[in-house]
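Chemist: Have a look at this prediction, sequence included:
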Amino acid sequence: AQSVTQLGSHVSVSEGALVLLRCNYSSSVPPYLFWYVQYPNQGLQLLLKYTTGATLVKGINGFEAEFKKSETSFHLTKPSAHMSDAAEYFCAVSGSGSARQLTFGSGTQLTVLP
Amino acid sequence: NAGVTQTPKFQVLKTGQSMTLQCAQDMNHEYMSWYRQDPGMGLRLIHYSVGAGITDQGEVPNGYNVSRSTTEDFPLRLLSAAPSQTSVYFCASSSTTSGGTGSYEQYFGPGTRLTVT
């Protein structure tokens, strides 16, 4: 069984400030972890993923995430927020036993203030 | 490539009506799935298919049917619509090749927004 918890359903940051979106997971097998972004009235777009190897993963649009096994976390960060980053962000996990079945967190709505 | 396409984009149904949400992909992906998205609940898996002729239930399958007669298409049928099925529905597909990582990136369609009155 696997689950994902995203802390904070709404996060607001000022333009140029650090973005930190939190994700904690539980998985009975080594996890594969994903961050997706959803812009208004659109589908989901993959930002980045962790499978194996390097624990610091870089994605599109300047985002990165670090897999910390000891903390069961996969937090998403971006050094400097841009207005275009305003969207909803979803963390997801899949396990090696059913690698294509994703379990999603409840999402975090990011607002970027001018 | 069009990727994953879904029709219709919007639909309003009355309670008890039936309908089919269409999903197609042109990437020759074996794995396809349907999710529903509800506020504050993220996306939940309804049904999935690992290839033509093979389907299985996800987390929330009640009230929905699927079939997979071709690699390209994976329609979702609502047998008798209920207000609880008001949601945004996403279809996704993924490759059978993972580049040795064991992970399969999923590609999502644009969604169908369904309202049941």
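Modeler: Cool, the structure landed.

Chemist: CA only for contacts and neighbour counts going forward, please
Modeler: Fine.

Chemist: interface residues of chain B facing chain A?
Modeler: B:31, B:40-45, B:90, B:94, B:101-111 (C-alpha under 8 Å from any C-alpha of the partner chain).

Chemist: Could you check how far the residue nearest the centre of chain A is from B:Q37?
Modeler: Using C-alpha atoms, centre = their mean, the residue of chain A that lies closest to the mean C-alpha position is A:W35, 3.4 Å off. A:W35 is 16 Å from B:Q37, where distance means C-alpha to C-alpha, to the nearest Å.

Chemist: on that earlier part again, contacting residues for the residue nearest to the centre of chain A?
Modeler: A:46-49, A:76, A:89-92 (C-alpha atoms under 8 Å, 6 or more residues apart in numbering or on different chains).

Chemist: Name the SS class of it, please.
Modeler: Secondary structure assignment for A:W35 (DSSP: H, G, I helix; E, B strand; the rest coil): strand.

Chemist: Can you name the residues bridging to it?
Modeler: Residues in a beta bridge with A:W35, per DSSP bridges, are A:L48, A:C91.

Chemist: Quick check: it vs B:G40, distance?
Modeler: A:W35 is 17 Å from B:G40, by C-alpha to C-alpha.

Chemist: picking up where we left off before, check what pLDDT the residue nearest to the centre of chain A gets.
Modeler: Looking at A:W35, its pLDDT is 96.

Chemist: Just want to check the distance between it and A:Y89.
Modeler: Distance from A:W35 to A:Y89, by C-alpha to C-alpha: 7 Å.

Chemist: From the residues of chain B next to chain A, list just the buried residues.
Modeler: Among the residues of chain B next to chain A, the ones that count as buried by 16 or more other C-alpha atoms under 10 Å in any protein chain shown are B:31, B:42-45, B:90, B:94, B:102-111.

Chemist: Strands - which of those residues land there?
Modeler: B:31, B:42-45, B:90, B:94, B:106-108 (DSSP state E).

Chemist: which of these sit farthest apart?
Modeler: B:Y31 and B:G42 (20.7 Å; C-alpha to C-alpha).

Chemist: For A:E66, give me its contacts.
Modeler: With C-alpha under 8 Å, 6+ apart, A:E66 has these contacts: A:55-57, A:73-76.

Chemist: Filter those residues down to the buried ones, PyMOL style.
Modeler: Applying 16+ other C-alpha under 10 Å to the contacts of A:E66 leaves a buried subset, and the PyMOL line that selects it is:
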select buried, chain A and resi 57+73+74+75+76
